[in-house]
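In: sequence first, predicted model second:
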Number of protein chains: 2
Amino acid sequence: MTVDGGVPRPGTAGSPATPDAAPGTPAGPTPAAPARRLARVPGATVARLAVYLRVLTEMLAQGVRTVSSDVLAAAAGVNAAKLRKDLSHIGSSGVRGVGYDVSRLTAQVESVLGLTRSHAVALVGVGNLGHALAGYGGFAARGFGVTALFDVDPALVGTAIGGVEVLDVAEIPRVCPERGVTIGVVATPAVAAQQVCDALVGAGVRSILNFAPTVLSVPEGVEVRKVDLAVEMQILAFHVSRGLDGASETEKVFG
Amino acid sequence: MTVDGGVPRPGTAGSPATPDAAPGTPAGPTPAAPARRLARVPGATVARLAVYLRVLTEMLAQGVRTVSSDVLAAAAGVNAAKLRKDLSHIGSSGVRGVGYDVSRLTAQVESVLGLTRSHAVALVGVGNLGHALAGYGGFAARGFGVTALFDVDPALVGTAIGGVEVLDVAEIPRVCPERGVTIGVVATPAVAAQQVCDALVGAGVRSILNFAPTVLSVPEGVEVRKVDLAVEMQILAFHVSRGLDGASETEKVFG
DNA sequence: GCGACTTTGTGCGTGTGTTCACGAGCGGTA
DNA sequence: TACCGCTCGTGAACACACGCACAAAGTCGC
C-alpha cells in the first residue's frame, strides 16, 4: 500500500501527548473512510489490537452491532480503560453512551494493522514444526498466504504442502522478490537460522518471525519477533517453583 | 510473546498484599552459604534468564570457563548493563575484573528458574501443531518431559508419539495427578481450549501454555502464557505497512 | 608490593506502560 | 425541551523497565 495519506511528520509525531483532539479539523472527521490520524501507536497497543480484532471478528459473525469497552475488554481479557486508551491511539470513534460500532471498529483495526492487503509469507524449514506451521489454519486465516516454502533437505525439496512446493533454500534470493514476500518465518534448527535470516534479509524481507532458539542479528530496519517454546516453558517452570506464594494470572504477548 | 514481550507482559503477580519481602532488615553481609535470596525477580528478567541460560549452556559445552557481562550480553542480544542488573536480581556473584564463572552461573540460573527438578508436561490436542510440539526436541531438552498426551479424536487416542500414548481428554482428571503433571500445554482448536483448560486446572495444573487463539480465563493462582501465531503475524504486518516510510529505528527483539 | 587495568554492581534519570477517576457527549424519556 | 443515565476519552498518578555512567573491587604486570 502506498503510504497512507498523512503520516505525521517527525515534528508532530514526536509530541508525546496529543494536545487535545485534533482541533484543526472541524470539517468532516466523521466520514466512513478511515480518518487516517496515525499518531505513533505504542508497541504494547499493537500487540493487543490483534487480540481485539479476533474478538471483534467473532462478534461481527454473531451479528453484534455495537459493543461497549467493558464487554470488549472482558472478552479480550484486558482492563477496560486500557482498551479505550488503546483505541484512542488509533483514532477511535466510539459513541458515548452507546459504545463502538463493531463493523466500523473492525475495519479500523484491520487498517491500522495493515491487514487490508494480504501478505505473502515465506516459511523456511519444513521440518517437524515448520510442516505444522505450513498447514496451520490460523496462518492463512487472516490474509497471510504462505506463498513459498524452503528447506535444505533434498528429500523434502520438491514435495508440496498445501499446494505449495518446497524449494531449496538457495532459491530464496530469487523466489522471494518474485512472489513479493514481505514476511519470513524461520523454523529451522538453531545452527541454520542466522544464515537463513541473512538470506531472507538479502531478499528484501524486513519482518521475520523466528522459531529457532537463537538470537538473530539483523541490520537496522528489520524487525524480528521471536517465539521460543523452551523459553516459555522455563518461564512457566519459574512460576511452578514460586507458585506456592501467590501468583496471579498473566498474559504474555510479545514479549 | 507472546512472547513475549514484549511483550512484555503485564503486571506481575504484583498482588498488593505481598508481605514476603522483609522491609527493614538489611540482612547479614554476604552469608557464605547459598543465600536463598528470594528477592522478587522482575518478570522481564525471568524471561531473559532463559535466554542467558541457553547461551551459558552452549559456552559450557565449549569449555568456556568465565565470561564477562559484555560478551554474554552480546551473545544474548541484550544490553550489558541490563544483563548485570538481571543477574544481580538473582543474587549473582560475578568477580570484578574477571567476569562470571560459567558453570556456577549456569547452575544459579537453573536453580532460580526451577530447572533443578524435571517438570512433567501434559499436552492436550495432538493435531497438526500438537503433534509437532510433542516431537519437538527443544521441549524435552531441558528437563521438560512430555509425560501425557490427550485428544478427543478417537482415531488418535491409542496411538503413540515418542513412546507416549495418546489418551482421551476425559482421562485428564485422573492421569495428570497420577503422573505429577505441573505444566499443561493447550494445542487444541479455540472452541475446545477453555474446556480443556478447566480440566487441567481441575487436575491441579497451575501453569498453562496456550497455543489456542483464545483468551483463557483461569482462577487466581494459575498462570497462563499465550503463544499466538496469528497475533505475531499481525504485529509483523503492522510493521510491514509502517516500514515503508523511512527508517523505523525500533528493532525490538523479543518482547 | 604497588599501580594500572578490567569488570562488576548499582544509583539515577528517562521513557514506556498501566490504572484510576472524572469530565464530556450522546441517546432515551417525560 | 430538559433531564438523566450510560459510556467514551483522557489527564494524572503510579509502577515498571531500560540504559548510562561511575565507584567499588578485584586481577595482572612489573
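Out: That came through fine. Residues are numbered from 1 along each chain as shown, chains lettered A, B, ... in the order given.
In: what bridges to A:Glu165?
Out: Note on A:Glu165: beta-bridge partners by DSSP bridges are A:Ala160.
In: that one contacts A:Thr159, correct?
Out: Yes - A:Glu165 is in contact with A:Thr159 according to CB atoms under 8 Å; the separation is 7.4 Å. From N, CA and C alone the C-beta is placed, and that goes for glycine too.
In: how about residues contacting stretch A:125-135?
Out: The list of residues contacting stretch A:125-135 from outside it, by CB atoms under 8 Å, 6 or more residues apart in numbering or on different chains, reads A:123-124, A:139, A:146, A:149-151, A:153, A:156, A:161-162, A:164, A:166, A:185-189, A:192, A:196, A:211-212, B:128-129, B:131-133, B:135-136, B:229.
In: now chain A, which segments are flagged as low pLDDT?
Out: Along chain A, the parts satisfying pLDDT under 70 run over A:1-38, A:138, A:141, A:243-255.
In: go again with 80.
Out: Low-confidence segments of chain A (pLDDT under 80): A:1-39, A:92, A:137-142, A:243-255.
In: that one: strands as residue ranges?
Out: For chain A, strands defined by DSSP state E occupy the ranges A:66-67, A:100-101, A:119-124, A:144-151, A:160-161, A:164-168, A:181-186, A:207-210, A:223-226.
In: would TSV of those with mean neighbour count and distance to B:Arg179 be doable?
Out: Conversion of the strands of chain A to TSV gives the following (neighbours: other CB atoms under 10 Å in any protein chain shown; distance: least, CB to CB, whole Å):
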stretch	mean neighbour count	distance to B:Arg179
strand A:66-67	18	42
strand A:100-101	20	46
strand A:119-124	25	34
strand A:144-151	22	36
strand A:160-161	13	34
strand A:164-168	17	38
strand A:181-186	26	34
strand A:207-210	24	32
strand A:223-226	26	31
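In: tell me which of those strands lies nearest to DNA strand D.
Out: Across the strands of chain A, the minimum distance to DNA strand D, taken as CB to the nearest atom of the strand, is reached by strand A:100-101, at 5.7 Å.
In: quick one: contacts of that closest one?
Out: The contact list for strand A:100-101 (CB under 8 Å, 6+ apart) reads A:65-69, A:72, A:87, A:92-95.
In: what of stretch A:179-194?
Out: Counting by CB under 8 Å, 6+ apart, residues outside stretch A:179-194 touching it are A:119-127, A:129-130, A:133, A:144, A:147-148, A:152, A:175-176, A:196-197, A:200, A:203-214, A:216-217, B:233, B:236-237, B:240.
In: so which bits of chain A are right by DNA strand D?
Out: Taking CB under 7 Å from any atom of the strand as the criterion, the neighbours of DNA strand D within chain A are A:17-18, A:20-21, A:67-70, A:80-81, A:84-85, A:87-88, A:92-100.
In: any quick PyMOL command for the buried ones out of those?
Out: The PyMOL command for the buried members of these (criterion: 16 or more other CB atoms under 10 Å in any protein chain shown) is given here:
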select buried, chain A and resi 67+69+84+87+92+93+94+99+100
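In: still on that earlier bit, which ones among the contacts of strand A:100-101 lie within helices?
Out: The subset of these located in helices under the criterion DSSP state H comprises A:69, A:72, A:87.
In: for the longest helix anywhere in chain A, which positions count as buried?
Out: Residue-count comparison of every helix in chain A, with assignments taken from DSSP H, identifies helix A:43-61 as the longest. For helix A:43-61, the buried set under the neighbour-count rule, 16+ other CB under 10 Å, comprises A:43-57, A:59-60.
In: next to chain B, which bits of the stretch 1-150 of chain A? Give me the list.
Out: The interface of the stretch 1-150 of chain A toward chain B, taken as CB under 8 Å from any CB of the partner chain, is made up of A:1-3, A:7, A:41, A:43-44, A:46-47, A:49-51, A:53-54, A:75-77, A:112-115, A:119, A:121, A:128-129, A:131-133, A:135-136, A:138-139, A:141-142, A:144.
In: for DNA strand C, tell me which of those show up nearby.
Out: Restricting these to those near DNA strand C - CB under 7 Å from any atom of the strand - leaves A:43-44.
In: how about the closest residue to A:Gly77 other than its chain neighbours, phi and psi?
Out: Take A:Gly77 and drop its neighbours on the chain: the residue closest to it by CB to CB, 6 or more residues apart in numbering or on different chains is B:Val215, 3.9 Å away. Torsion angles at B:Val215 (phi, psi; degrees, to the nearest 10) stand at phi -90, psi 120.
In: for B:Gln194, see how far away B:Val215 is.
Out: If you measure B:Val215 against B:Gln194 using CB to CB, to the nearest Å, the figure is 9 Å.
In: how about A:Phe211?
Out: With the distance defined as CB to CB, A:Phe211 ends up 26 Å from B:Gln194.
In: could you do A:Lys85 as well?
Out: As it turns out, when the distance is counted by CB to CB, A:Lys85 lies 27 Å from B:Gln194.
In: how about A:Gln195?
Out: As for A:Gln195, its distance to B:Gln194 is 41 Å (criterion: CB to CB).
In: got it, and A:Val231?
Out: When distance is defined by CB to CB, A:Val231 is 25 Å away from B:Gln194.
In: who has more neighbours out of those two?
Out: Each of A:Val231 and B:Gln194 has its neighbours counted (other CB atoms under 10 Å in any protein chain shown); A:Val231 has more, 27 against 18.
In: does that one really touch B:Ala47, like I thought?
Out: Yes - contact criterion CB under 8 Å: A:Val231 and B:Ala47 qualify, at 6.6 Å.
In: contacting residues for the closest residue to A:Val55 other than its chain neighbours?
Out: Setting aside the residues directly before and after it, A:Val55 is nearest to A:Ala75 in space (CB to CB, 6+ apart), at 4.6 Å. A:Ala75 makes contact with A:55, A:59, B:215, according to CB under 8 Å, 6+ apart.
In: alongside DNA strand C, which residues does the stretch 1-150 of chain A contribute?
Out: Proximity of the stretch 1-150 of chain A to DNA strand C, by CB under 7 Å from any atom of the strand, involves residues A:16, A:42-45, A:78-79, A:81-82, A:84-85, A:95-98.
In: for those, work out which two are farthest apart.
Out: Between any two of these, the greatest separation by CB to CB is 31.6 Å, found for A:Gly43 and A:Gly97.
In: wait, A:Val64 sits on A:Gly99?
Out: No - proximity of A:Val64 to A:Gly99 does not meet the contact threshold set by CB under 8 Å, at 10.0 Å.
In: shared neighbours, the two?
Out: Between them, A:Val64 and A:Gly99 have no joint contacts when contacts are counted by CB under 8 Å, 6+ apart.
In: show me what contacts the residue in the stretch 51-200 of chain A that chain B sits nearest to?
Out: Nearest to chain B, among the residues of the stretch 51-200 of chain A, is A:Gly114, at 3.0 Å (CB to the nearest CB). By CB under 8 Å, 6+ apart, the contact set of A:Gly114 is A:1, B:237-238, B:240-242.
In: hang on, the earlier thing: identify, from the contacts of strand A:100-101, the entry nearest to B:Glu171.
Out: Taking CB to CB as the measure, A:Leu72 is the one of those closest to B:Glu171, at 36.5 Å.
In: contact partners for that closest one?
Out: Contact partners of A:Leu72, counting by CB under 8 Å, 6+ apart, are A:52, A:55-56, A:83, A:100.
In: distance of it from A:Gln234?
Out: In this structure, A:Leu72 and A:Gln234 are 33 Å apart, going by CB to CB.
In: A:Val71 - how many residues pack around it?
Out: With other CB under 10 Å as criterion, A:Val71 counts 16.
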